[in-house]
Each structure stands twice: as structure tokens, then as C-alpha cells.
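Participant: sequence and computational prediction follow.
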Amino acid sequence: MTIPVEKAKWMYETMAKIRYFEDEMEKAYGEGKSPVFNIGAGPVPGEMHLATGQEPAAVGICAHLTAEDTVTSPHRPHHHAIAKNVDLNKMTAEIFGKATGLSKGKGGHMHLFDPAVKFSCGGIVGAGIPHAVGAALAAQMKNKDWVAVAFIGEGAANQGSFHESLNMAGLWKLPLIIVVENNEYGISVSKKASTAIESNDKRAAAYSNVAGAYVKDNDPEEMYRVSEEAVRRARSGEGPTIIEIETYRYLGHFQGDPELYREQSEVPSLREKDPILKWKNELIEKFSVPVQEIQEMENRARQAVDDAYRFARESEEPVLSSALEDVFI
């Protein structure tokens, strides 16, 4: 399998955009929260979960998706949203709590919804899987070739919703793909201490019509390859797939996490295997993309992010009278 060069370039530019977005969010979130950490201070109050290092999981499969395919995401959603082409300006404004946000500033970073590209996320562990099953069932009942992708962390694979959803999806051969982002920690608990199986793709064997695939070393190319097959199976009516990708979380579970559960040497060693730098070298050496073109891609990514942050910061705050709009009372 050879990745088309345009897809390879899209993957790199999107990963660069995700990384820059998360780096800028790390700085924006930290504003006003020192010297004593105050979760309610600064322009972005509340919890913040960043995905720096986990970019390949998002781009490898979203390279095969369209706006008609559904994606559900957990509490760490920015990389999935960007790869699914969620409106970046509105998404950033939503995180800043502005009236121009996707949900008029009422959802925040863990509740991003963009119906235009069928993207949603939520903070309850494992809750997005049944939602994706519903979308997959709707596609099947409408005789559409749409697929539904649920991104989860490896800890969510121990939730009842994971197994109940796979039972139904396997029984009905639904076009569902579950991507398990194995970053080794469910908050502060290592996978080895919480999960009684080596990798969650092996759990596919427990259900009829469900396939499993494992991606080692946070590899964008392998993630693209196994995702291509998973999407093909889903679109052709062959049933669900579980993909587990070995990925890396460079930052804490949340911003402000003291990270006492892992060795200080762990993150520097992970950053030495950075997938974006590796993919950049692949573009040059394997796909023969000129360095100048790569720089242009990086500049476009940075400009899009800079524009989104400017839009968010300059947008108006919600007015008090809107507090009871768009809600059930």
C-alpha cells in the first residue's frame, strides 16, 4: 500500500496544525493561572485536556472520511476535531467561551459540536461509543455507505458501553470503527494495572463480524493503512473494526496535572520519537516533497491557527440574557 502523495501532504499539514493549535492552547490556558494554579482563572477557564503527541491517530483515519461520516470524540478532542475539518474559528471561540463559538460558548472544550461535518464530543468516558453505534445504524437503515468512528482512550475499553456497543454492532454488522488511543494511562493509572488484555484490538475476537488491528509506535503510515481497510469493510457492509494505536501523551492528563505517576525521563524519550518530525522526513525522502513546499504547508497551518485564536479573542462575550436560550428548562 502506497499513500497518495496528496494524502501524505494533507496528513502532515493537519498534524502540524494540530500541534501548533495545542501548543498555543497550552499557553492561552495558562494565562492568569500562576503563580498559584486556579482552574477558573484566565481567558480559558475550566479543565483542559490536550492531545500533543497523539496526532497520528486522528489524521490516519480522517484521511479516509468525508463530511457525511460521523466522528465522536472523548474529553481530549481537539486533534479529532481538526482532522475532521470542524470550523476552526468557531471551535476556538467555543473553547474561549465566546458567543461566536460552535455552541455559543456554552459547551467549552469538552463539548464541541459541528453538525456540518457530523462531529461531536463529550466528557463522560465511553459515552461516545453508543452515539457512534446510533449513527452507524442510521446509515445502514438509510442504505448509505457512511461510517461512524468513535475515538476513545484505552481506559474506556473497560467500560460497559464498549462491550455493549460492540455486541450490537457485530450482531448487525454496523459500519462502526472504534479507535482506541492507547497512551498508556487512564488519568494516572497505567494500562498494565487496569486492563486484563495485552491490546484491545484482540477483544474483536469475542464478537461476530468484528475485526481488530494494532498500530505500533504512533506510526502515521500504519494508521493510514489499517484505517483504509477498516473504512473499506465498514462501507461494504462487512462490519465493525477495533483499531488500537500505541500513541504518546506528552502532557499531563489535564493541564495542571503534576504527573507524579510517571518518571520524569519518560516524556523526553517519547519526544525523541516525535511522529510529526518523522513524517516530515518521510515527505522529503519517500514522497520527494520539496522542503520549500513543506515550509509553505507549515506556514498555512500556523496562519489558520493564528487566525482562529485572533477570531476567538476578539469575539464578543455571551450576554447574560442568553443563559437560558438553547437549553431545556
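Facilitator: That came through fine.
Participant: where exactly do the strands run in this structure?
Facilitator: Using DSSP state E, the strands assigned to the chain run over residues 70-73, 113-114, 119-121, 148-153, 176-182, 185-186, 189-190, 211-215, 241-246.
Participant: strands paired with the second one, and their directions?
Facilitator: Meaning strand 113-114. Take DSSP bridges as the rule and strand 113-114 pairs in its sheet with strand 119-121 (antiparallel).
Participant: avg pLDDT for the strand it pairs with?
Facilitator: For strand 119-121, mean pLDDT rounds to 98.
Participant: if you count neighbours, what's buried in that strand?
Facilitator: 119-121 (16 or more other C-beta atoms under 10 Å). Where you see a C-beta, it was placed from the backbone N, CA and C, and this is true even at glycine.
Participant: equivalent analysis for stretch 127-137, please.
Facilitator: Residues 127-137 are the ones in stretch 127-137 that count as buried (16+ other C-beta under 10 Å).
Participant: in CSV, list the C-alpha atoms belonging to it.
Facilitator: Included here for stretch 127-137 are C-alpha records, laid out as CSV according to Å, rounded to 0.1, in the frame of the first residue of the first chain:
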residue,chain,number,x,y,z
ALA,A,127,-20.2,7.8,26.1
GLY,A,128,-19.4,8.5,22.5
ILE,A,129,-19.4,4.8,21.5
PRO,A,130,-23.2,4.2,21.7
HIS,A,131,-23.7,7.5,19.9
ALA,A,132,-21.5,6.3,17.0
VAL,A,133,-23.4,3.0,17.0
GLY,A,134,-26.6,5.0,16.6
ALA,A,135,-25.1,6.9,13.6
ALA,A,136,-23.9,3.6,12.1
LEU,A,137,-27.4,2.1,12.5
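Participant: residues in contact with that stretch?
Facilitator: Stretch 127-137 is contacted by residues 70-74, 118, 120-122, 146-152, 156, 159, 161-162, 164-165, 168-169, 172, 174-176, 178, 234, 240 when judged by C-beta atoms under 8 Å, 6 or more residues apart in numbering.
Participant: and it, how far from the chain's centre?
Facilitator: Centroid separation for stretch 127-137 versus its chain: 16 Å, with C-alpha atoms, centre = their mean, to the nearest Å.
Participant: swap in stretch 3-18?
Facilitator: Offset of stretch 3-18 from its chain centre (C-alpha atoms, centre = their mean): 15 Å.
Participant: next, the buried residues of stretch 312-322.
Facilitator: Quick answer for stretch 312-322 (16+ other C-beta under 10 Å): 312, 315, 318.
Participant: residue contacts, Ala156?
Facilitator: Ala156 sits next to 74, 125-126, 129, 162, 180 when contact means C-beta under 8 Å, 6+ apart.
Participant: in stretch 213-229, what's buried?
Facilitator: Within stretch 213-229, the residues that qualify as buried are 213-215, 218-229, counting by 16+ other C-beta under 10 Å.
Participant: what does it rub up against?
Facilitator: 1, 3, 7, 11, 15, 53-57, 59-61, 63-64, 177, 199, 201, 211, 230, 241-248, 273, 275, 278-279, 282.
Participant: now swap in stretch 36-48 and tell me
Facilitator: Residues outside stretch 36-48 that contact it (C-beta under 8 Å, 6+ apart): 25, 28-33, 75, 95-97, 108-110, 254-256, 313.
Participant: if we can go back for a sec, any idea which of the buried residues of stretch 213-229 is closest to Asp114?
Facilitator: Set against Asp114, the nearest of those by C-beta to C-beta is Ser227 (20.9 Å).
Participant: tell me the pLDDT of that closest one.
Facilitator: So Ser227 comes in at 98 (pLDDT).
Participant: ok, now the one 5 residues further on?
Facilitator: Arg232 carries a pLDDT score of 98 in this model.
Participant: what about it, neighbour count?
Facilitator: Neighbour count of Arg232, defined by other C-beta atoms under 10 Å: 13.
Participant: coming back round to it: which among the contacts of stretch 36-48 count as buried?
Facilitator: Buried members of the contacts of stretch 36-48, counted by 16+ other C-beta under 10 Å: 25, 28-30, 33, 75, 95-97, 108-110, 254-255.
Participant: pLDDT for those residues - can I get that in TSV?
Facilitator: Shown next, in TSV, are the buried ones among the contacts of stretch 36-48 (pLDDT from 0 to 100):
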residue	pLDDT
Met25	98
Ala28	98
Tyr29	97
Gly30	96
Lys33	92
His75	97
Ile95	98
Phe96	98
Gly97	96
Gly108	95
His109	97
Met110	97
Phe254	95
Gln255	95
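Participant: just to revisit the earlier point, restricted to helices, list the contacts of Ala156.
Facilitator: Here DSSP state H is the test, and those give 129, 162 as lying in helices.
Participant: which of the contacts of Ala156 sits closest to Glu296?
Facilitator: Closest to Glu296, out of all of the contacts of Ala156 and judged by C-beta to C-beta, is Pro74, at 33.2 Å.
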